[in-house]
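Enquirer: Structure for this input, please:
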Amino acid sequence: MRVNHLIAVLIAILAVTGPASAATITASTTGAFVNPLAAGSTTTGVGTNHFTYGDPDGFGIGPNVLDFAGINAINTATETDFKVGTLTYFNGTTVVGSTPTSVALKVSLNFTTPPAGNQDFAFTLTLNSTPNTADPIASADFVDLPSAFSSTTFTISGQTYTLQLIGFQNVVGDGFLASSATEFHVEEGQQASADLFGRVTTNLGPSAPRNPPA
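Expert: Predicted coordinates for the structure are as follows:
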C-alpha cells in the first residue's frame, strides 16, 4: 500500500508541474566572418558578411568567397530547430599557401522576445582544399563546421541557454553535403548556397549529440 501511495503522489506531482514549457523567441540574425587563421594568407572582408580568401592563381576565376545572409524575422521556441541564415560559397582557384585554414562565423542573435538583447556566438569554420582531378565531386573544396557550440551563454527566466548549430541543408547550386550535414562541398569554379540551422538550447556542452536537421 505504501508503494502504491508513493506512486500516486509522484503522478500527482508530475501532473501539476509537467515538463518545462518552451520559451517563445522572436529575433533576427546577422553574421560576420572574423579571425581567419594561417600566417601569410590573403583575405578581405574580415568583420563583414562578405569574406574572400586566397590569391587568384591567374586562371581568371578569382578567390574563394563566403557570404552569410541572416534572417530578419525569426519566430520559434527554445529547443526547436530554426534557420539561422544562408551561407553562399564560391570555390575559386588560388595559389597554394595563400588561403587560411579556418575562419570564425560570428552569428549575432538579436532578441525581441524575450528582451535578451543582442547575443554574439562564434563558430569556427575550417576551410578545406582538395587536389583537383578529373572527378568534380572528389575535387570539390569544402567548409566544415567542426563544433556545434559557442562559449556564449545567456539567461531566459533564470535558465541558461546557448545557440547550438545543427548543420546545413537545402543546398542550391553546384554543391552537396557530407558528414551528417556539417560539411558543405562546392565544385571547383562553382557556387552554391546552403541554409544553416540551429536551436536555442539549455544543452551547453560539446559532448551532446548533433543530429542533422530533418
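
Enquirer: Show me where this structure dips below the pLDDT cut-off.
Expert: Applying pLDDT under 70 to the chain flags residues 1-20, 206-214.

Enquirer: Would you map the helices across it?
Expert: Listed in chain order, the helices of the chain (DSSP state H) span 2-17.

Enquirer: For the most centrally placed residue in the chain, give the beta-bridge partners.
Expert: Closest residue to the average C-alpha location of the chain: residue 165 at 4.5 Å, with C-alpha atoms, centre = their mean. When assigned by DSSP bridges, residue 165 has beta-bridge partners residue 198.

Enquirer: what do you get for residue 77?
Expert: Under the criterion DSSP bridges, residue 77 forms beta bridges with residue 24.

Enquirer: Next one: it from residue 86, what distance?
Expert: Counting by C-beta to C-beta, to the nearest Å, the separation of residue 77 from residue 86 is 22 Å. No exception for glycine: its C-beta is placed from N, CA and C like everyone else's.

Enquirer: So which of the two has more stuff around it?
Expert: Neighbours per residue (other C-beta atoms under 10 Å) separate residue 77 from residue 86, with residue 86 holding more: 18 against 13.

Enquirer: Surely the more buried one touches residue 196?
Expert: Yes: taking C-beta atoms under 8 Å as the definition, residue 86 is a contact partner of residue 196 at 7.0 Å.

Enquirer: Residue 195: neighbour count?
Expert: Using other C-beta under 10 Å, residue 195 is surrounded by 18 other residues.

Enquirer: residue contacts, the residue nearest to the centre of the chain?
Expert: Counting by C-beta atoms under 8 Å, 6 or more residues apart in numbering, residue 165 makes contact with 84, 123, 145, 148-149, 196-198.

Enquirer: What are the boundaries of the strands in this structure?
Expert: Per DSSP state E, the chain carries strands over the ranges 24-37, 43-44, 50-53, 64-70, 74-77, 82-90, 102-113, 118-128, 141-144, 154-156, 159-173, 175-178, 183-186, 191-201.
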